[in-house]
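**Q** Just the structure for this:
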Amino acid sequence: RFFLQDLKSATRHGPAALDPSAITARAAGGESSGHFNLRPADKGAPFTVMVKFRELEADRVVTDAHGPMGMVSGKLEGQLDATGDIADPNALNGTGAIYLRDGQVRRYSLLVALGQILKIDEMMQLRLEEAHVKYHITPGLVTIDELILTSPNLRLSATGTVTFAGRLQLEAQLAINERIRKQLFAAVRENFRAIDLPGY
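**A** Predicted structure coming up:
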């Protein structure tokens, strides 16, 4: 979640629809824009929403959602296109994507634990060359179609689901390049195998 400031919009309204168009606002140090259409006279009060955002400070977004301060840095951009019903907060459908630019992840507990087990120090503090998630939403469920985190020597990819209640289920793959592979203990090194991605 993030908090909107300086929100501006032209609005059309009537008995059948409320239509704020060309919405602009500031959020987490960045900019957001979008369009919202609500049909209150129809059953369930259905709506459509389109949101785009850019230059959001990742650390502020995380801390606004009660996450730990200083865990992630960089700028977020992305979009969401969705439909739903005001009467049912779970009846949301849509697609979206989020990209992290100039990203860095520090002391994220899962990555730290993996780094300690595998003796890969780089996992304690990842400098990301590429970081994005593409997803779609169905009632009560967010499906992660593609999650990619790439640093100079590592690539973490995943697909899975997140329920609206926050239950996360991911199937992930950790890929390493030859430089990191050579640093591993033999018993750990033998558990890695070549994949289709060149160099990993």
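**Q** In this structure, what residue spans correspond to strands?
**A** Remark: strands assigned in the chain by DSSP state E are 4-13, 18-27, 30-38, 46-57, 72-85, 88-106, 125-127, 130-138, 141-150, 154-163, 168-176.
**Q** Packing partners of the second one?
**A** Which is strand 18-27. When contacts are defined as 3 or more Cβ pairs under 8 Å, 6 or more residues apart in numbering; DSSP states H and E, strand 18-27 packs onto strand 4-13, strand 30-38. Where C-beta positions appear, they are placed from N, C-alpha and C, glycine not excepted.
**Q** Ok, which of these comes nearest Ile180?
**A** Each of the helices and strands packed on strand 18-27 has some distance to Ile180 by Cβ to Cβ; the shortest is strand 30-38, at 33.5 Å.
**Q** If you count neighbours, what's buried in that closest one?
**A** Gly30, Glu31, Ser32, Ser33, Gly34, His35, Phe36, Asn37, Leu38 (16 or more other Cβ atoms under 10 Å).
**Q** Switch the helices and strands packed on strand 18-27 over to CSV; also include distance to Ala82 and mean pLDDT.
**A** CSV is the format used below for the helices and strands packed on strand 18-27 (distance: least, Cβ to Cβ, whole Å; pLDDT from 0 to 100):
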stretch, distance to Ala82, mean pLDDT
strand 4-13, 17, 89
strand 30-38, 10, 93
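**Q** Put together a markdown table for those, with distance to Gly166 on each row.
**A** As requested, the helices and strands packed on strand 18-27 are exported to a markdown table (distance: least, Cβ to Cβ, whole Å):
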| stretch | distance to Gly166 |
| --- | --- |
| strand 4-13 | 23 |
| strand 30-38 | 23 |
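**Q** Where does pLDDT dip in the protein?
**A** The chain contains residues with pLDDT under 70 at 1.
**Q** Just give me the longest helix of it.
**A** helix 109-118 (DSSP state H).
**Q** Distance from that one to the middle of the chain?
**A** Computed by Cα atoms, centre = their mean, to the nearest Å, the chain-centroid distance of helix 109-118 equals 21 Å.
**Q** One more: stretch 79-97?
**A** With Cα atoms, centre = their mean, you get 16 Å for stretch 79-97.
**Q** Enumerate the positions of that stretch that are buried.
**A** Buried residues in stretch 79-97, counted by 16+ other Cβ under 10 Å: Gln79, Leu80, Asp81, Ala82, Gly84, Asp85, Leu92, Gly94, Gly96.
**Q** who touches that stretch?
**A** When contacts are defined by Cβ atoms under 8 Å, 6 or more residues apart in numbering, stretch 79-97 is touched by residues 38, 40, 44-53, 78, 132-140, 164.
**Q** Likewise for stretch 167-178?
**A** If you take Cβ under 8 Å, 6+ apart as the criterion, stretch 167-178 is touched by 114, 120, 144, 147, 153-162, 184, 192, 195, 197, 199-200.
**Q** Likewise for stretch 27-47?
**A** Residues from elsewhere that reach stretch 27-47 (Cβ under 8 Å, 6+ apart): 2-5, 15-26, 48-57, 60-61, 64, 75-77, 83-88, 91.
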